[in-house]
Structure formats: C-alpha cells, structure tokens
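> This is a predicted model, with the sequence first.
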Amino acid sequence: MKKQHTPGPWFTRGDTLDNTRAIEIEAELPSVGWTTLALVNDRALNCAHLPDGPNARLIAAAPDLLEALRRLVEACDHEKISGSQVTDAHAAIAKACGD
C-alpha cells in the first residue's frame, strides 16, 4: 500500500539550530500534534530572511498546490480539454504522488 503525504496545511517557522539558521516545515497532526516535516538550511540557500525563505514557502505550499492542480485537471478532464499542459499537469500529480 502506497503511503500518503502528510495532509496540509503546512507552515514555515524560522529557528536557530546549532548556530545555523534554518526554516522548519511543520504540520499539526490530530494524533501526534505539531511535527516537523522538513528542515531547510538557509545558509546553503542564501535566503534573505526567516521564516519566508522562497524554498521553504514552496515546500509549505505543496499540499495546497497539489490539491489545486488536481481540481484543475479534474475540470479539464470533465470538459474534455486536452493538450500538453494538461498532460504535464497529470505527470506532475503522478510525480508528487509517487505514481
């Protein structure tokens, strides 16, 4: 059985770990509470400030982006709209879901 991603919403939180500025991607899970999903080191990314590093924002938005893309593709499929953009959208969903 394929594992599902942690449901959104995901949030960013800036922190200092071992003298290294980092951005945590967090989610609140009903049975667990707040949990860290990813840690983005801004020293390597040259993020200008915390907690709004561009890579961390993109990671935190991933569940929302996936759901929006799914709804858009569903609407295109329903209206029988096709083309390379719709094919690319299907491929992006499959990549995100491990299909």
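That came through fine. What you see is a predicted model, and the numbers here were worked out from it, not measured in a lab. Numbers count the residues shown, from 1 in each chain.

> distance of A89 from A75?
11 Å (CB to CB, to the nearest Å). In short, each C-beta sits where N, CA and C put it, glycine included.

> Which of those two has more residues huddled nearby?
A89 (17 against 10; other CB atoms under 10 Å).

> Grab the nearest non-local neighbour of that one.
Closest residue in space to A89, ignoring its immediate chain neighbours: V73 at 4.9 Å, by CB to CB, 6 or more residues apart in numbering.

> pretty sure the one you found is in a helix, no?
Yes: counting by DSSP: H, G, I helix; E, B strand; the rest coil, V73 is part of a helix.

> what sits against it?
Contact analysis of V73 by CB atoms under 8 Å, 6 or more residues apart in numbering lists 86, 89-90, 93.

> Could you do A62 as well?
Contact partners of A62, counting by CB under 8 Å, 6+ apart, are 5, 8, 10, 96.

> low pLDDT regions in the chain?
Applying pLDDT under 70 to the chain flags residues 1-2, 14-21, 41-53.

> Go again with 90.
Within the chain, the segments meeting pLDDT under 90 span 1-26, 29-32, 35-60, 97-99.

> could you pull out the helices for it?
Assigned by DSSP state H, the helices in the chain fall at 42-45, 54-78, 84-97.
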